[in-house]
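1. following is a predicted model, sequence given first.
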Amino acid sequence: MSFDEGLADRIRDVLRSDRHTTEKKMFGGLAFMSGGYMFIGLSGEALMARVGPENYEKVLSQPHVREMNFTGKPMKGYVFVDPPGFENDSDLSNWVDLCHLFVKSLPPKKPK
(Lines give C-alpha, C1' and ligand atoms only; values in the text may rest on other atoms or scores of the structure.)
Protein backbone atom coordinates (compact mmCIF):
# COMPACT_ATOMS: atom_id res chain seq x y z
CA MET A 1 0.00 0.00 0.00
CA SER A 2 1.26 3.46 -0.75
CA PHE A 3 0.82 6.61 1.26
CA ASP A 4 0.15 10.27 0.54
CA GLU A 5 3.57 11.98 0.31
CA GLY A 6 1.93 15.41 0.56
CA LEU A 7 0.39 14.40 3.88
CA ALA A 8 3.77 13.10 5.04
CA ASP A 9 5.23 16.53 4.29
CA ARG A 10 2.45 18.22 6.26
CA ILE A 11 3.23 16.01 9.27
CA ARG A 12 6.95 16.77 8.87
CA ASP A 13 6.07 20.47 9.02
CA VAL A 14 4.17 19.96 12.29
CA LEU A 15 7.14 18.04 13.72
CA ARG A 16 9.83 20.32 12.30
CA SER A 17 11.09 21.47 15.73
CA ASP A 18 11.22 17.93 17.20
CA ARG A 19 14.61 16.46 16.35
CA HIS A 20 13.85 13.22 18.21
CA THR A 21 11.15 12.05 15.80
CA THR A 22 12.13 9.45 13.23
CA GLU A 23 10.33 7.89 10.27
CA LYS A 24 9.98 4.22 9.46
CA LYS A 25 8.17 2.43 6.67
CA MET A 26 5.76 -0.04 8.24
CA PHE A 27 2.23 -1.41 7.82
CA GLY A 28 2.65 -0.72 4.10
CA GLY A 29 2.80 3.00 4.89
CA LEU A 30 4.92 5.45 6.83
CA ALA A 31 5.15 5.73 10.62
CA PHE A 32 6.49 8.59 12.71
CA MET A 33 8.29 7.36 15.81
CA SER A 34 9.26 8.91 19.13
CA GLY A 35 11.27 7.00 21.73
CA GLY A 36 10.92 3.87 19.62
CA TYR A 37 7.10 4.08 19.65
CA MET A 38 4.94 4.72 16.60
CA PHE A 39 2.61 7.61 17.38
CA ILE A 40 1.19 8.63 14.00
CA GLY A 41 1.45 7.26 10.51
CA LEU A 42 0.01 7.08 7.04
CA SER A 43 -1.80 4.24 5.38
CA GLY A 44 -3.05 5.19 1.95
CA GLU A 45 -4.82 8.51 2.48
CA ALA A 46 -5.71 7.86 6.14
CA LEU A 47 -3.87 8.75 9.32
CA MET A 48 -3.00 5.93 11.69
CA ALA A 49 -3.30 7.62 15.06
CA ARG A 50 -2.11 6.10 18.34
CA VAL A 51 -4.37 7.88 20.78
CA GLY A 52 -3.99 5.53 23.75
CA PRO A 53 -6.65 3.65 25.69
CA GLU A 54 -7.80 6.72 27.66
CA ASN A 55 -8.70 8.67 24.52
CA TYR A 56 -9.89 5.75 22.39
CA GLU A 57 -13.68 5.90 22.93
CA LYS A 58 -13.72 9.69 22.87
CA VAL A 59 -11.96 10.00 19.50
CA LEU A 60 -14.04 7.18 17.98
CA SER A 61 -17.11 9.36 18.48
CA GLN A 62 -15.60 12.09 16.28
CA PRO A 63 -16.51 12.41 12.61
CA HIS A 64 -14.17 10.72 10.10
CA VAL A 65 -12.60 8.45 12.76
CA ARG A 66 -12.86 4.66 12.68
CA GLU A 67 -11.32 1.64 14.36
CA MET A 68 -7.91 0.54 13.18
CA ASN A 69 -8.34 -3.02 12.07
CA PHE A 70 -5.60 -4.89 10.20
CA THR A 71 -6.26 -8.43 11.37
CA GLY A 72 -10.03 -8.63 11.82
CA LYS A 73 -9.68 -7.44 15.41
CA PRO A 74 -9.71 -3.73 16.31
CA MET A 75 -6.47 -2.41 17.79
CA LYS A 76 -7.44 -0.65 21.05
CA GLY A 77 -5.78 2.72 21.39
CA TYR A 78 -5.28 3.13 17.61
CA VAL A 79 -7.66 4.67 15.10
CA PHE A 80 -7.78 5.59 11.44
CA VAL A 81 -8.69 9.19 10.62
CA ASP A 82 -10.00 9.76 7.11
CA PRO A 83 -8.92 12.87 5.12
CA PRO A 84 -11.85 15.16 6.02
CA GLY A 85 -10.79 14.77 9.68
CA PHE A 86 -7.42 16.47 9.10
CA GLU A 87 -8.21 18.63 6.11
CA ASN A 88 -7.01 21.84 7.72
CA ASP A 89 -3.59 22.24 9.30
CA SER A 90 -4.89 22.91 12.80
CA ASP A 91 -6.82 19.61 12.81
CA LEU A 92 -3.74 17.73 11.60
CA SER A 93 -1.61 19.43 14.23
CA ASN A 94 -4.13 18.46 16.94
CA TRP A 95 -3.94 14.78 15.91
CA VAL A 96 -0.15 14.81 15.81
CA ASP A 97 0.05 16.52 19.20
CA LEU A 98 -2.48 14.18 20.85
CA CYS A 99 -0.64 11.08 19.64
CA HIS A 100 2.82 12.45 20.37
CA LEU A 101 1.76 13.38 23.91
CA PHE A 102 0.46 9.85 24.49
CA VAL A 103 3.70 8.08 23.52
CA LYS A 104 5.74 10.56 25.56
CA SER A 105 3.79 9.29 28.60
CA LEU A 106 4.95 5.69 27.99
CA PRO A 107 7.97 4.23 29.78
CA PRO A 108 11.22 4.28 27.81
CA LYS A 109 11.65 1.30 25.50
CA LYS A 110 14.38 -1.10 26.45
CA PRO A 111 17.08 -1.45 23.81
CA LYS A 112 17.03 -4.73 21.90
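-> The structure has been received and is ready for your questions. Numbering: from 1, shown residues only.

2. now the strands for this structure?
-> For the chain, the strands defined by DSSP state E occupy 21-26, 29-34, 37-43, 46-50, 65-67, 78-81.

3. identify each buried residue in the fifth one, please.
-> Counting neighbours by 16 or more other C-beta atoms under 10 Å, one finds that the buried residues in strand 65-67 are Val65. The way it works is simple: take the backbone N, C-alpha and C, and place the C-beta from them, glycine included.

4. sheet partners, orientation included, of that strand?
-> Sheet pairing of strand 65-67 (DSSP bridges) gives strand 78-81 (antiparallel).

5. hey, which of the strands of the chain is tucked in deepest?
-> With neighbours taken as mean count of other C-beta atoms under 10 Å, these reach their highest mean count in strand 46-50, at a mean of 25.

6. gap between that strand and the chain center?
-> Its chain's C-alpha centre and that of strand 46-50 lie 4 Å apart, by C-alpha atoms, centre = their mean, to the nearest Å.

7. and the angle for that strand with strand 37-43?
-> 170 degrees (axes from the mean of the first three to the mean of the last three C-alpha atoms, to 10 degrees).

8. kindly calculate the angle that strand 46-50 makes with strand 29-34.
-> Using the same axes, to 10 degrees: strand 46-50 against strand 29-34 is 30 degrees.

9. that older thread, what would the strands of the chain look like in TSV with mean pLDDT?
-> As requested, these are exported to TSV (pLDDT from 0 to 100):
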stretch	mean pLDDT
strand 21-26	93
strand 29-34	95
strand 37-43	95
strand 46-50	95
strand 65-67	96
strand 78-81	97
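
10. Lys104: which of those strands is closest?
-> strand 29-34 (6.7 Å; C-beta to C-beta).

11. next, the angle from the closest one to strand 21-26.
-> Going by the same axes, to 10 degrees, strand 29-34 makes 150 degrees with strand 21-26.

12. now do strand 29-34: which elements does it pack against?
-> Here strand 29-34 touches strand 21-26, strand 37-43, helix 89-104, going by 3 or more C-beta pairs under 8 Å, 6 or more residues apart in numbering; DSSP states H and E.

13. now tell me which helix or strand of this protein has the poorest mean pLDDT.
-> strand 21-26 (a mean of 93; mean pLDDT, DSSP states H and E).
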